[in-house]
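Q: With the sequence up front, the predicted model follows.
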Amino acid sequence: MRRVARLLEQWADKEGLDAGERDRRVAMGHLHDTLKGASAEALRTILDPPMAELPGPVLHGPAAAELLGREGVDDASLLRAIRFHTLGHADLDDAGRALYAADFLEPGRDLRNKWRARLRERMPDERDAVLREIVRARIEHLLARGRPVRPETMGFWNSLAKGEAWVRASAV
């Protein structure tokens with residue numbers, strides 16, 4: 001969580017965000033995996049359908065967001081970012097998109113390290129292009145294993161792809 005929070009802080013500083021927004025993003029980084037070690041059974045008791053029916057490895061985000069909401073956190077964007085930091089979602093705002101990227105790119109992950117490092121170097125300047133690469137890689141990973149792609153993830157991909165098509169069309 002510290003590595004994700006640190007990336008979010010670095011990117012916020014690079015973007016010149018004010019201290020309040022930088023601190024909010026750092027908090028998201030520290031909160032997003034608070035329930036990652038909990039059992040799927042315990043997390044399902046926190047959630048209502050359809051969130052409770054998600055695969056075990058992605059339940060921690062929705063459960064953390066649910067508990068934060070119950071404790072009085074009323075920042076809908078922050079809660080959405082934490083809820084969907086593993087799946088993605090078309091309605092993620094800039095902070096949510098940054099969390100999604102930071103969670104995937106944090107330097108403690110030991111898989112395709114050089115590729116991840118190159119993507120980190122491009123953040124936040126090329127955020128949407130980096131996000132497209134991340135989401136495409138995640139979808140390809142699922143498809144190669146014959147696994148379903150969640151509608152939230154496809155919606156996120158479509159929102160990113162639509163943005164790219166709009167940029168290409170407006171450049172013509």
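A: Great, that's in hand.

Q: lowest-pLDDT helix or strand in this structure?
A: Every helix and strand in the chain was compared by mean pLDDT, DSSP states H and E; the lowest is helix 151-171, with a mean of 74.

Q: Stretch 26-41 spans what distance, first to last residue?
A: The straight-line separation of the ends of stretch 26-41 (C-alpha to C-alpha, to the nearest Å) is 29 Å.

Q: pLDDT averaged over it - what is it?
A: For stretch 26-41, the mean pLDDT works out to 97.

Q: Would you mark the buried spots in it?
A: Buried residues in stretch 26-41, counted by 16 or more other C-beta atoms under 10 Å: 26-29, 31-35. For every residue, glycine as well, the C-beta is placed using N, CA and C.

Q: Closest one of those to L87?
A: The closest of the buried residues of stretch 26-41 to L87 turns out to be H32 (C-beta to C-beta; 12.4 Å).

Q: if I read this right, A5 contacts R22, doesn't it?
A: No - the pair A5 / R22 is not scored as a contact, 10.6 Å apart, by C-beta atoms under 8 Å.

Q: Geometric centre of this structure: which residue is closest?
A: Y100 (1.9 Å; C-alpha atoms, centre = their mean).

Q: Give the helix, strand or coil label for that one.
A: Recorded secondary structure, Y100: helix (DSSP: H, G, I helix; E, B strand; the rest coil).

Q: surely it meets L92?
A: Yes - here Y100 reaches L92: they are 6.4 Å apart, a contact under C-beta under 8 Å.

Q: ok, now which ones touch L92?
A: Residues near L92 by C-beta atoms under 8 Å, 6 or more residues apart in numbering: 80-81, 84, 100, 156.
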